[in-house]
Every structure is written in C-alpha cells, then in structure tokens.
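> Prediction below, plus the sequence it came from.
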Amino acid sequence: MSTRTSGSLRTYLLTRLLLFIPNVLIILTIVFVLMRVAPGDPVSVARGGQLPPEQIAMLRRQAGYDRPLLVQYWEYLSGVVRLDFGRTITDSREVTQILVTNGGATLTLTLAALVVAVLIGVPLGLLAGRRRDTTFDAGVRVFGILTYAAPVFFVGLLLQLLFARTLGWLPSSSQATPIMQARVPTRTHIYLLDALLAGDTEAFFNGLQHLILPALTLGLLLSGVFLRIVRVNVVQTLRDDYVEAARARGVPERRVVIQHAFRNALVPFVTVLGLNVALLLGGAILTEQTFNWPGVGSQLVRYLQNRDYVAVQGIVTMFALAVVTISLIIDLVNAIIDPRVRY
Amino acid sequence: MTDPSSRSRVEVRPVRGPAAGPPPSGPVLTVRDLRVWYGTESGPVRAVDGVSFELWPGETLGLVGESGCGKSTLGRGLLGLLPAGAKVAGSARYRDTDLVTAKPREIRALRGPHLGLIFQEPLTRLNPLLRISDHFEEALRAHEPDLSDEEIRRRALEALRSMGIPPTRYRAYPHEFSGGMRQRIMIALALVLRPSFVVADEPTTALDVLVEAQIIRILADLRRNYDTALLFITHNLGIVAEACDRVAVMYAGRIVEQGPVRDVFARPQHPYTRELLRSTISLSTTGLHYIPGAPPDLVQPPSGCRFHPRCPQAMRVCRERFPRATTVGEQRVECWLHGPRELIPDGGDEPLVREEAGVVDES
Amino acid sequence: MATPTVPPPTLVVAPTTGRTRLRRVLRGIVRPLRESHGVARFMLVTGLAVTLLMVGLAAFAPVVAPYGFNQVADADGTRFGNHVPPGADHWFGTSVQGLDVFSRVVWGARTAVAVVLLALAFSLFIGVLLGIVAGFVGRWLDRALVLVMDALYALPALLLAIVVAFLLSEYVGGGVTTAALAITAVYVPQYFRVVRAATVSAKEQTYVEAARAMGAGPVTIMSRYLLGNVVHSVPVIATLNAADAILTLAGLGFLGYGIQPTEAAEWGYDLQRAISDAGAGIWWTGLFPGAAIVLLVLGLTLVGEGLNETTNPAIRVRRLLPVTIPRRLPEQDGEETR
C-alpha cells in the first residue's frame, strides 16, 4: 500500500471523527428541547401529591429546574461530557447506574439477536438472490415481509405460547430463574458472564435457555431487514461486469458466485448493520417489555410510567449517544475493511 | 444456406494472416448460419440472424458496423456468455466442439485456455475487492489446478511484464491503476492462459488515443507470437485498416460483406460498406457524411435486403427477395447488384421508388 | 405519476373541468395496476385486497362490531364474563376485563386507520413543506434543517415517538391526536429528505430556469413546477410509512403510551394485556389483535413494494420471454422465414 492511500484513509477517519461532534451536539439539543419544550414542572408531575411543597421545592432545586433554561442546557451538556446524566426524581438513583446495572442485560439481548439475525438473514438472502425469481426466492421474500409486518411483541407472544406454554421447552420471562440469579455473584452485571466467572455451568445454561426466546424474537425482526438487503446486493453483484469477466476466463460458476458475487454483496453489510442500530435498540425496548427482560429498555418504560423526567431524559440521551457512537465505529471499521472507501 | 451445393459455390478461401506460417490443419473457428434471438415483449429481437465466417490461426478478423447491429451479441454468443433468455441456433465449430450445442460445462472449460474475451470497459471488469494477484491465481487455478504457487507467480508476472505492468504492482488493488493499465491487465489476464481464439469487444473505445495505439500494438504482437486468432469488434474503421487482415461488415444481424481488408476498403462491393467508408473522417474530409435513415428495427426487420430502405442503389428486387451471397474476387457480398441475375425476376432491377418503400415499411 | 420523467407543466394551464381532472387522477391510480405483471402485480393486487378489507372494517366498524369497544355486558346488562374462549356468542372470546375480543379488533382497525391517516397528513404536510423550502432557499436554512432532520432520523423511531407521546399525554391526553402527532415526528425527516433532494435537482432543470427568466415569482415556481415534479415519488414512501406507522402505533400502545383504553380500542394495548394471559394458555386475547396488525401492515407493505417495483425503473426487471428460432428449410436458402 502506498503512502498516498494510507494518507487519504487518515484524512477520511479524521473528517468522520470531526463530524461526530456536531452530530452529537444536535442530537443532545433535540433531546433537551423535546424534554423541556412542554411547560409545567416535571418534579410535581412525578411526585405531586405525595410530598409536601417544601420537599418538592428542594427536589426541583436539586434537579436544577429552578434555573434559567439556558443554564439548564449548559448544565445538561457539560453533564453529558462528564458522563453525568443526573439523578432520578422518583428513586434518587444515578442515571449512569441504570446503564451499569441494566446495560448488561440489554447488551446480551442485542448481541444474541444480532447473531440470530445474521445466521438466518444472510444465508437466506444469499440463496434467494442467487436463485432469483424461483419459488424459493418468493418464499424467502414473503418470510422477509412477514418478519417486518409482525410486531416484535406479537412474535414474542406467539413464541411464548408455543415454546413456553404448549411445548413447555423454554422459559418465557426474565434472565434466569430467581434461585440461579441469587446464586451467581454479580461482578460484570452481565449475567451469563458472571455465571461463567463463578464457574457455575448450571446457572449459565439456565441463562442461555432464558435467552433463546427473546433473542429469537428480536433476531427475527432484524433477519428480515438483513435478508432483503443481502438479496438485493447479490442480485446486483451477479450483474456486475467483473462477474461476467470472471466467467469469460472460465472460472467455475460456484467460485464466481461465492468469491465474486457473495463476497462483494456482503461488503456493504457492515454499513447496513450501522443503519439498523436504531431499529435494534427500538426493538430491544419492546422485546424487554415482552419477556420481562431486565434491560435498560424495561427501565425506561418503568420511569415513563412514573413520569420521571430526569430518568427519561437521561436514558434517552444514553440511547441516542449509543446510536451515534456505534454508527461512528461502524463507519470507521468499514473504511478499514473496504479498500474502495479510502480514496 | 444449409444446402451443401450452394454453400460450396459461394465458398471463399480466406487470405490468411501474414504471419500465419505453415498452413495449419484448418480454420480455428467455423461459423455457419449462426442466429441469436432475444425474447422481448414486442417479439423476438433478431440480434444475430444467419452469420457465417471462418477464422484461421494467426488471423485477425475485424467485425464492424453501427452500434446495435449485433456485433457484441455475436462475440458473446461464441463464448456462451449470453444473458438468460437468448436463444442460439446454427453452428459455431471450434476445433472439435460445436459451441452452440456444447454443454455449459464444456464451454466453461474452453473459456480461458482456448477462448478469450477482452472487454470494452476495463474500469469495472476487475473485482475491486481482489488484488491483481488474486485474479491471476483464480484464472490459472481454474484451468490448471496442479500449478505450484511459484509457477503461477512466474506466469502471471511474465504476462504482466509483456503488457508493461511492473512486477511491483502485482499485489495492488484494481483501483490503484489507470484505465489504460487496467485494460492491459485485463489482456494479460486473458493471455496468461494462451487462448487460441480471442474476441476483443471494442477494447479501446473507452481509452484515449495514445493508449489505444499501445493496445493495438500489443494485440498485433500477440497474433504474431502465439498464432492467436482474433475477432476484433469495433466501429472504428481506422483500427480495422491498421490491425486486421480481413473485415466483416455487419448490418442488422447479418454480415453483408466480408473479405481482405485491402480489397474491401479499396473496392467495397456492398452499398452499405461504401456508405460506411464514406462516413469516416479522413484528412481530405470537408463535410461529415452520414447514412440517411434510422438503423433497422431488429424485431420487425425490413423485408428482403435489410438495407434496402436506406440504400441509395436499391432495386425493386431488394424489397421482395433476400439477397444471395456471391463472390466478387476474394470478397463475399450479400447484395442483388452482384446477382445472381437468373434469380432476379423480370423488371426487378429497376430502381426502387422510395415513397413506396416508406409505405411498405410502416405497414 | 408512474413515469420517472414528468413533462414540465405548461405555463398557461388550461382550465380543466372537474370531470377530466377526476379521470386523470383515476388513470394515475389504475396505471401501476395495468403496467405491473408477475410478482409485482401479485403484490399489488393482494396488498390492495387486504388493505381494502381492513379499511372496510374500519369504516363500517359500527355495523360490523357486535358490541362497543369498552362494552363488558350485553343490552340486558348481563356481563360477558372474563376469558371466555371463542365460541358462538363471542367469536374471538373475551378478554381479562370481559371485553369482546372481536369487537375490540374491529374497533381497533378504526383507530389504526384514523391515526395513520392523520399522521400521514401531518407528516406529509410538514415534511414536504420543509423539504421544498430547504431545497429551494438553500444556504444556512437548508444546512440547519438537514442537520436537525438527520439527527431526528438517527434516533430510534419508537424512542422518538415515545418521548413525544410522553410529553403530549401530559397536556393533551392520550387520544387519537396525541398518537398521530407522536408518529408524525417519526416520519417528517423521510419526506423532508426525499422532497429536498428532488427539489434541489429539479431546481437545476432548464424549465425552472426558463420560468424564472420569464418572471415567475418564487411562490409560483415552487407550487406549480416543483410540487408536481416531486410528488410522484411520494406515494411509495407514504404507503410504506403507513405500514410502519401501524407498527409504531402498536408499539406505543404496547408500552402504554398510545391511546388510553378509555378513549378507543387499540391493538397494541390489547396485546400488552394479552402477555400475561399467555402464561395461562389463553391465546385468543393476543392472537386476534396481533393477526390484525400483521394483516394491515402486510397489505400496506405489499402495495408499497408492488408500486415501487412497477414505478421505479431502476429495479424493474426486463421480462424474459421464451423464443423459438424457426428451423430453416433447405430450399429457403438465405430467404427470410416469416
């Protein structure tokens, strides 16, 4: 590789990193404006009627709601920089603590769902694209539309009815049975990892069993997205000029399809992954609710029900930051993988 | 055309290339009445409709004609690279194999070591994610699986060197090369397997003039050194004059005239060839000449001779009857001007009244 | 609306009578149906049938549904009973609160259609307006709007809808309008993007230049030239967004942030209640509302994809037809076979 290309790669990475800052700033501003655009007093909404007025006033001061809006905005931004998202009104918890205790469950669920989605979506998409306009292709496309048309909680409900209730094969809610959860000492807040660290295989497999249905539910949603994109990419790469050129050199068809069409069809897949982080996290909120999964999403729903503005604002900010950061990382990884992006 | 007696009557012994050496056993490629049709919603498109020619070792045949006359389809069809939905009939005999009836697997095995193809647009023909070295390894392994890594490298570098690509660039990616370099790499990729028959489909159209001259020199060396037979598809008559031994002029899916380049260019026998030659720019050109009328519809081709609606010398018979192939010197022409007279009905040689033709055409 | 290049509208628009305009609109609707074939046609027809069925349910809910959406007893005052399995009295059974599931599903269709129509109207209006203004005015306004819209687009759709619904529910209450507004926030950026891009490219087109040279004011240009040119790409997006909006609405309802149960029947809310039933093996409270969501989303998606495949020339496939080359007879040597 010549120095010219590595130089342009560096320029690309630098520009992408610099763009990240205004990106984050705008998202944070939008979250702030959304949360504060409504008139009224968040604290009395949350605790109204439960507390005497003096205490409400104290809570307001604590949350900073008595200060001018611009000052609050500044406080909010500088808080985010210090990774301080405030303290919840209803149970006086650090919002970052929510991420620490419940983030592990969300991470487990989303990663497992990604694995499921890739395992289902990519092979189906590749084969459907290869056998375009056959019965198999039509079936795969219908499957893709169905996974999109069925809401995650409905799929979750059906899976619960089938595998948990009727067949009795798998548990239908929470991360593990309570006894197991009590038995495994908490270190990383990722249950499966904790069970492994404790050397407790029984607890580990119990956790895996609990993970199957939620991961399948969320994974099915994403698999539809993946297979559609992979299928279209294969259809396109099979029409690409270099594929015909490889055929003209007498390269065996199997190799043409795998080495040229499939391989090139999967390159934009990393970008697709980046574009679907938002979908994945949104779906995770619903899946967690369906399976009583103790992740950040279920906490968000709980605080929403308690009308805790600080907690909601903090969690939404974290979600937004997660989306932007993951997109950034994926763009950077993509630039390093694909030789074409660099120049 | 399948009648053997009439066939032998119009048979032309082609003039072999200047560097052909001792006469080989026979032509590399013998094409007889080849037809390639595509199905579309408005009816079958007769892209190639009854084409016959031979190609001898070390010979370069230029295939010229306006765009859309079926040149590229003919080239692809010979290598079995037509899109799904194309139908092929007739015969195209390469040594002992009929390329029309051969199984896909057989043609696949021939592509590379026997049949080569050089494309028009070099920029998109290399897989952007594979190194140049990967392309060579893939091509060589596909046909000679027992080659050692060392041998593959040696042969690839040799092919690249003959095209003027330094060995230091062997492991680079396609996007690191210019268009002309990529075309030379494509040629090296085709030649590393030493095919005896190569189709070059407008290999220089996308390149600038200097690179064009370079590529043409490379192709000329090629047939001199390896006795490769070349089907050179182009719309540039200058290139044909410079690089080809014989020329075949295609119009509306048919070869209307073929013969040695010198003869055809000096004494064009078909009115279309004449018009085509007139429309090229030379130093003495003062105004641009063009052939009036639109290129023919390949779904509903004109009756009789396909060129008659645009032909300045059209006769009445041209609209009614399809012309027979006849020989004039070493040229073979499909035109009623060259007879056979006994087949022209009475009064058929009177000039065609043009308005009449228009009416017939529209119906 | 199906053609990729819309001929520039003439400056002097001949007065059209209501009837010819209606005919033109009808032709615009029928054209994709006529021009489609194969898979695309199948998708269009099936999708239209399913969508029309659900919209019909929504329109005629008072006639179709045997009971009201929050009715727990029949006209005599006898309670339906809780968790009654599907049967002659209650086709789809009753829920934990003793509501007739079939009636809930039918009334739910009405809610879904109403919310989606409202949300579509809002987001189309805002998105198209902002997109045209940004694309036409350009400069800092354009850049600012693009940044904001991109940021909105990057947020998880459901999260955005939740936040808006959460804030609105405090002051407006949890009704059809709240849900529609929450969903509007999600889809504005998409219309904005498409319309802005189209406006920017249309602005460069020669006929707009010509109109400007002839002294047409910016408002005339925007409304007459650009709107007509831009709008033909919107139907596909609108249909696909309607499908997505149904899912967002159900998601909101499932999390308790859509329509309050006292206001109207909503499928997502019913599914939330059904989760706890699943453990007890009660399947009918969840299956039917869920199936209703799937049907409506499926119908709309099929219509959208079918439209896309027939009207988008980039993905339209050239149909391959079988050809047979007639054999040539020896006596026809070189002669045409016709």
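Done, it's in. Being a predicted model, the structure only gives us computed values, none of them experimental.

> Could you tell me how far A:Val257 is located from B:Val240?
According to C-beta to C-beta, to the nearest Å, A:Val257 stands 38 Å off from B:Val240. Using the backbone N, CA and C atoms, a C-beta is placed for each residue, glycine as well.

> More neighbours: the two, which one.
Taking neighbours as other C-beta atoms under 10 Å in any protein chain shown, A:Val257 and B:Val240 compare with B:Val240 leading, 24 against 20.

> Ignoring the adjacent residues along the chain, who's closest to A:Gln72?
Closest residue to A:Gln72 apart from its sequence neighbours, by C-beta to C-beta, 6 or more residues apart in numbering or on different chains: A:Gly64 at 5.6 Å.

> right, and the one you found touches A:Trp74 too?
No. Judged on C-beta atoms under 8 Å, A:Gly64 makes no contact with A:Trp74 at a distance of 10.3 Å.

> For A:Val225, grab the count of nearby residues.
As a measure of burial, A:Val225 has 21 neighbours, counting by other C-beta under 10 Å.

> quick one, strands of chain B?
Assigned by DSSP state E, chain B shows strands spanning B:29-40, B:43-55, B:60-64, B:86-94, B:97-98, B:115-118, B:197-201, B:229-233, B:246-251, B:254-260, B:325-328, B:331-334.

> any chance of those in CSV, with mean pLDDT and distance to chain C too?
Putting these into CSV (pLDDT from 0 to 100; distance: least, C-beta to the nearest C-beta, whole Å) gives the following:
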stretch, mean pLDDT, distance to chain C
strand B:29-40, 88, 3
strand B:43-55, 88, 5
strand B:60-64, 92, 20
strand B:86-94, 89, 4
strand B:97-98, 88, 16
strand B:115-118, 90, 23
strand B:197-201, 91, 21
strand B:229-233, 92, 22
strand B:246-251, 92, 15
strand B:254-260, 92, 10
strand B:325-328, 86, 7
strand B:331-334, 90, 8
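
> Among the ones you listed, which comes closest to chain A?
Closest of those to chain A is strand B:115-118, at 4.1 Å (criterion: C-beta to the nearest C-beta).

> What's the per-residue pLDDT of residue 221 here?
Since you didn't name a chain, this refers to chain A. A:Leu221 carries a pLDDT value of 91.

> if you could check chain C rather than the one you did, that'd help
66.

> Also B:Glu11?
The model reports B:Glu11 with a pLDDT of 39.

> do the one 10 residues further on as well
pLDDT recorded at B:Gly21 is 42.

> The one 4 residues further on too?
The predicted local confidence for B:Ser25 comes out at a pLDDT of 70.

> how much space between it and chain C?
Counting by C-beta to the nearest C-beta, to the nearest Å, the separation of B:Ser25 from chain C is 29 Å.

> count of residues packed around that residue?
B:Ser25 has 7 neighbouring residues, counting by other C-beta under 10 Å.

> Mind naming the longest helix for chain A?
helix A:201-238 (DSSP state H).

> same question, chain B
When chain B is parsed with DSSP H, its longest helix is helix B:209-226.

> For chain B, tell me whether the helix or strand just after the longest helix of chain A is touching it.
The helix or strand immediately downstream of helix A:201-238 is helix A:241-248, counting by DSSP states H and E. Yes. On the criterion C-beta under 8 Å from any C-beta of the partner chain, helix A:241-248 is in touch with chain B at A:241-242, A:244-248.

> By neighbour count, which of those residues wins?
Neighbour counts for the residues of helix A:241-248 next to chain B peak at A:Ala246, which has 28 neighbours (criterion: other C-beta under 10 Å).

> contacting residues around the closest residue to that one other than its chain neighbours?
Excluding its sequence neighbours, the residue lying closest to A:Ala246 (C-beta to C-beta, 6+ apart) is A:Val256, at 4.9 Å. A:Val256 makes contact with A:243, A:246-247, according to C-beta atoms under 8 Å, 6 or more residues apart in numbering or on different chains.

> Make CSV from those residues and add pLDDT to it.
Converted to CSV, the contacts of A:Val256 look like this (pLDDT from 0 to 100):
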residue, pLDDT
A:Val243, 92
A:Ala246, 92
A:Arg247, 90
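
> ok, so of those, who is nearest chain B?
Closest to chain B out of the contacts of A:Val256 is A:Arg247 (6.2 Å), distances taken as C-beta to the nearest C-beta.

> For that closest one, list the residues it contacts.
Here A:Arg247 is in contact with A:253, A:256, B:81, B:108, B:111 (C-beta under 8 Å, 6+ apart).

> if we go to 6 Å?
Applying C-beta atoms under 6 Å, 6 or more residues apart in numbering or on different chains, we find A:Arg247 in contact with A:Val256.

> can you redo the contacts of A:Val256 as CSV with distance to B:Leu160?
As requested, these are exported to CSV (distance: C-beta to C-beta, whole Å):
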residue, distance to B:Leu160
A:Val243, 23
A:Ala246, 18
A:Arg247, 22
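
> what's downstream of the helix or strand containing A:Arg255, the next helix or strand?
Assignment of secondary structure by DSSP H and E places A:Arg255 within helix A:253-255. Beyond helix A:253-255 on the C-terminal side, the first helix or strand identified by DSSP H and E is helix A:263-266.
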